[in-house]
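**Student:** using only what follows, build the 3D model:
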Amino acid sequence: MDAFVWDARFETGLATVDRQHRHLVELVNQVGDYLLFSSGNEARLESVFAELADYAREHFAEEERLMAEAGVDVRHRERHARHHQDFVRQLVSMWGRRARTADPAAMLHGYLASWLTVHILGEDQVMARMIESISQGDDPATAFEAQAESRDHSVSALLDALHKLYHVLSVQNRELADANQSLEDKVAERTRMLAQSNACLQKEQDDLRHALAHLEATQEQLLSSEKMASFGRMVAGFAHQLNTPVGIAIGAVSNSEQVISATEHLLDAEEVSADALLANFAQLREGSRLALNNLQRAADLVSRLKRSSIDLEVMERRAFRLREVIDDVLLGMKERIELGQVSVSVDCAVDLLLDGIPGFFEQLLTTLVGNALRHAFPIEGRPATLRVSAMLRGDGQLQLCCIDNGVGMPPDVLAHVFEPFFTTQRAHGRLGLGMYLCYNLTVSRLGGTIDCASVQGQGTTIQVVLPVATGETKK
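**Tutor:** Numbers count the residues shown, from 1 in each chain. Down below sits the predicted model:
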C-alpha cells in the first residue's frame, strides 16, 4: 500500500528529475511498508536506508548537473545545493540515532514524506521553470529574478519556513547527540564515584529503606502522572495528525498557483476561451475548498489540544445545581441521542448544590456522554441505554458515573483508554483525545480520580470521584 501517492502536481517537466522523484517516492513507501509489515526487521530497514541514501546523492548530483549545464543563476544553485547537503546530513544523523529512538522507521518515514513534498513542490518546481525560461532565451539572472517576483508569497513563505524548520531540527539533533554523549560520560563517572563511596553509605540504609517504602506506596500515582506527562509521545501524535491535512493543503495551494499561471497565459492570448476560463475557475474553487477544509481540520486539532490543557481559570466559581448542568448537557445532545435511538436516564438529586466552576463539570459530562454516543452504539439484540448518575458518598466526595450497555471494550483497548491520541477509529477521523481530556480535567483540575470498567459485549462504566464543596442538599 502506497502511503505517499505520486500526483501530477509533482511533475517538473524534466524527464530525468521526474523519474528519479518517482523512485524516491517508491523508496519512501518502502519505509511505510516496513512500518506495516516488517517491524523489527533491522536488515530490511538498513537495506532501504542504504538504497535511499545512495539514490538521493545520485538524484541531487543529477539536479546540480542540469542546473550547471543550463546556466541557472548561481544564487539558486548554491541555495539548492545547501538544501541537498542539509537533507543528507539529517538522514545520516537520524540513522546514527536509531538505536536510541523508540520507532526509527516512523521517524524516518515522517521526515522523508514531509521533506520530499516540500522539495518537489518548492525548489524543484522553481528550478524547472528557470531551466525552461533560459532555454527560451532569457539570461540566468532575469530568469532568477522573474521567479522571485512571480512566486506566490504565501506558499513560498510556508515552504521557506518548513526549510528553516528542517535546518533547525538538524542542528538540534546534532546538539542532542552531543548532549547524549556527554550525559553518558557523566553517568559513567557518577556510577564509578557511587561504587567507590558505597561503603560510606551503608549507615544510611535504614533511611533508604524508609524512602523506598514511601516510593512504593506512591508508585501508582507517580506512574499515572508520568504516563500523562509523556510530552514526547504527545508531540509525535500531534505531528502525525497534523501532517496529513497540512500536506494536502500545501498540495492544493501549489496546484492553484499553477492554475493561476495558466489563466494568466489565457488572458494574454488574442482570443480567450470562456470554457477554458470557467474550467480554471472551477479548479481554483475546488483547490480553495480542499485547502480550507484541511486547514480547518488542522485548526480543529490545535483547538482540541489547547482545550486538553484545561486552561479555564477565567471561569467564575459559584454555587450551582449539578442536575441543571447534566440536563443542559443532555439537551445540547438531544439530536444525537434521538438519532442513535438511545434511552437516557439521569439519577441525581434535583437540589444537589455544589460550590465550584460549573464549566469544568459541563466539559467533563459533555465529553463522557459524547464518547458513549460515538463509540458504544449501535448494539444488536437489545435497546441502547445510557445512565448518568451523581451522588454524595459517605466520605463527602462526589461520585459521578456514566454507564452504557453498549459494545464494551476488550482488555487491550481498556488498558490504553486514557492515553492521548489512542483511538480504534483512526480511519474514521477520530483523534483519540476525548478520554485523555476527561483524565486531565478530573486529575489536574478537579483533584479527583477517574476509572473505567468495561466488558466486551456488555457495556462500559466510567466512574469519577471528586472532592467537592457542597451547599445544602434537599432530598
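**Student:** quick check: what element follows the helix or strand bottoming out on mean pLDDT in the chain along the chain?
**Tutor:** Using mean pLDDT, DSSP states H and E, the weakest-scoring helix or strand in the chain turns out to be helix 219-228, at a mean of 42. Remark: after helix 219-228, the chain's next helix or strand is helix 231-268, criterion DSSP states H and E.
**Student:** what packs against the helix or strand just after that following helix?
**Tutor:** Once helix 231-268 ends, the next helix or strand along the chain (criterion: DSSP H and E) is helix 274-308. With contacts taken as 3 or more C-beta pairs under 8 Å, 6 or more residues apart in numbering; DSSP states H and E, helix 274-308 sits against helix 231-268, helix 434-440. All C-beta atoms are positioned from the backbone trio N, CA, C, and that covers glycine.
**Student:** out of those, flag the one nearest residue 456.
**Tutor:** Counting by C-beta to C-beta, residue 456 lies closest to helix 434-440 out of those; the figure is 16.9 Å.
**Student:** surely residue 464 is within a helix?
**Tutor:** No: counting by DSSP: H, G, I helix; E, B strand; the rest coil, one finds residue 464 to be strand, located in no helix.
**Student:** count of neighbours near the nearest residue to it once chain neighbours are set aside?
**Tutor:** In this structure, residue 464 finds its nearest non-sequential neighbour in residue 400, 4.4 Å apart by C-beta to C-beta, 6 or more residues apart in numbering. Residues lying near residue 400 (other C-beta atoms under 10 Å) number 24.
**Student:** please name the bridge partners of residue 400.
**Tutor:** Listed beta-bridge partners, residue 400: residue 390, residue 464 (assigned using DSSP bridges).
**Student:** surely it touches residue 463?
**Tutor:** Yes: judged on C-beta atoms under 8 Å, residue 400 makes contact with residue 463 at a distance of 7.5 Å.
**Student:** which pLDDT value goes with the nearest residue to residue 316 once chain neighbours are set aside?
**Tutor:** Closest residue to residue 316 in three dimensions, ignoring its sequence neighbours and counting by C-beta to C-beta, 6+ apart: residue 357, at 7.2 Å. With respect to pLDDT, residue 357 scores 85.
**Student:** quick revisit: mind putting the helices and strands packed on helix 274-308 in a markdown table, mean pLDDT included?
**Tutor:** Below are these laid out as a markdown table (pLDDT from 0 to 100):
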| stretch | mean pLDDT |
| --- | --- |
| helix 231-268 | 72 |
| helix 434-440 | 83 |
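**Student:** make JSON lines from those and add distance to residue 92 and mean neighbour count to it.
**Tutor:** Listed next are those as JSON lines, based on distance: least, C-beta to C-beta, whole Å; neighbours: other C-beta atoms under 10 Å:
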{"stretch": "helix 231-268", "distance to residue 92": "21", "mean neighbour count": "16"}
{"stretch": "helix 434-440", "distance to residue 92": "36", "mean neighbour count": "22"}
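**Student:** show the model's pLDDT score for residue 56.
**Tutor:** As predicted, residue 56 sits at a pLDDT of 81.
**Student:** neighbours of it, just the number please.
**Tutor:** 19.
**Student:** residue contacts, it?
**Tutor:** Residues in contact with residue 56 (C-beta atoms under 8 Å, 6 or more residues apart in numbering) are 24, 87, 88, 91.
**Student:** farthest pair within those residues?
**Tutor:** Distance extremes for the contacts of residue 56: the farthest pair is 24 and 88 at 13.0 Å, using C-beta to C-beta.
**Student:** neighbour count: these two, which is higher?
**Tutor:** Comparing residue 24 with residue 88 by other C-beta under 10 Å, the one with more neighbours is residue 24, at 19 against 13.
**Student:** now for whatever helix or strand that one lives in, which elements pack on it?
**Tutor:** Residue 24 is located in helix 15-37, with elements delineated by DSSP H and E. For helix 15-37, the elements it packs on are helix 42-70, helix 104-119, judged by 3+ C-beta pairs under 8 Å, 6+ apart.
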